[in-house]
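Visitor: how does the following fold in three dimensions:
(one chain, ligands or ions: 2)
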Amino acid sequence: MSLFGHTRTVVSKRHALIAPDGHVPSAFPGWENATGFVMISPAMGANLSQILITFTASGSAPFPADKHEHALYVEAGQCNIELAGEMIPLATTGFIFVPPNTAFRIHGNEATRITIFRKIFEAVPGLEFPPLVSGLASNITGEPFLGNPRAILQTLLPIDPRYDLAINIFTYQPGATLPFVETHIMEHGLLMLSGQGIYRLEESHYPVTAGDVIWMAPYCPQWFVAVGDEPASYLYYKDVHRLP
Ligand code: UGY
Ligand code: MN
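Guide: Numbering: from 1, shown residues only. Ligands and ions are numbered 1, 2, ... in the order given. Below is the predicted model:
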């Protein structure tokens, strides 16, 4: 319950912070016992959609084959991805990239919590479409970000120009920061996975914690510091490898 109508949620033209207290579910055609919370979408001016998917019981959520590509991350529980007649199991921290023109169905249960990033794939003449890839984030070795061993970056998808998006996990020890205020053409959709910190978005500084979602439009100045006793970790989307 929100006391006196307060929330940390802010939606502005170039950035948004969506706190869990404001979540409202959406129902979609063919979804059985599956609920979508559309955190980020073109309706707010974004080029991507970021959707939290939960299940009230064993059920499924179909995604038709069209121009959209999808990257999915399992926050909690497990799921199965039904694709081309096969079942691909994904455990917690599992991820999968599904290329455009590919239908799939997510099967989950009450314990399953998934974040999915969805956008229109940008083809490049002469370049093949990116292949399906899946894995477990907990198996991916992180690298110190710009040499800082207290700020570790895991790159989930292959670094390959066929992919026009990246999905990464950034983990900061308490007190560690993004080394400078970034301003870049790439857009971000972000989910705080654990810990807490302060996110600078444009001219504002926001306290953020696990479960919060952030949208940063292209050129949104951004900076982060982890605060508290635990490391802070976030999953984020970034568009890459395409000329403006
Ligand atoms: O990849 C990035 O642009 C990343 N350093 N941005 C961020 O964490 N806000
Ligand atoms: Mn950035």
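
Visitor: all contacts plus neighbour counts: C-alpha atoms, from now on.
Guide: Fine.

Visitor: next secondary structure after the strand ranked longest in the chain?
Guide: Scanning the chain for the longest strand, with DSSP state E as the assignment, gives strand 49-63. Following strand 49-63 in sequence order, the next helix or strand is strand 68-76 (DSSP states H and E).

Visitor: how confident was the prediction at the closest residue to Arg242 other than its chain neighbours?
Guide: Closest residue in space to Arg242, ignoring its immediate chain neighbours: Asp164 at 6.5 Å, by CA to CA, 6 or more residues apart in numbering. At Asp164, the model reports a pLDDT of 98.

Visitor: now do Ser2
Guide: We have a pLDDT of 75 for Ser2.

Visitor: hmm, Asp21 and it touching each other?
Guide: Yes - between Ser2 and Asp21 there is a contact at 7.3 Å, judged by CA atoms under 8 Å.

Visitor: the more surrounded of those two?
Guide: Between Ser2 and Asp21, counting by other CA atoms under 10 Å, Asp21 is the more crowded of the two (14 against 8).

Visitor: any idea how far that one lies from Gln196?
Guide: Note on Asp21: its distance to Gln196, by CA to CA, to the nearest Å, is 16 Å.

Visitor: circling back: for the residue nearest to Arg242, what are its contacts?
Guide: 121-122, 239-242 (CA atoms under 8 Å, 6 or more residues apart in numbering).

Visitor: okay if I get those as CSV plus neighbour count, distance to Arg105 and secondary structure?
Guide: Shown next, in CSV, are the contacts of Asp164 (neighbours: other CA atoms under 10 Å; distance: CA to CA, whole Å; DSSP: H, G, I helix; E, B strand; the rest coil):
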residue, neighbour count, distance to Arg105, secondary structure
Phe121, 19, 19, coil
Glu122, 17, 23, coil
Asp239, 19, 24, strand
Val240, 17, 26, coil
His241, 16, 28, coil
Arg242, 13, 29, coil
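
Visitor: out of the residues you listed, who's nearest Leu201?
Guide: Using CA to CA, Asp239 comes nearest to Leu201 of the contacts of Asp164, at 18.1 Å.
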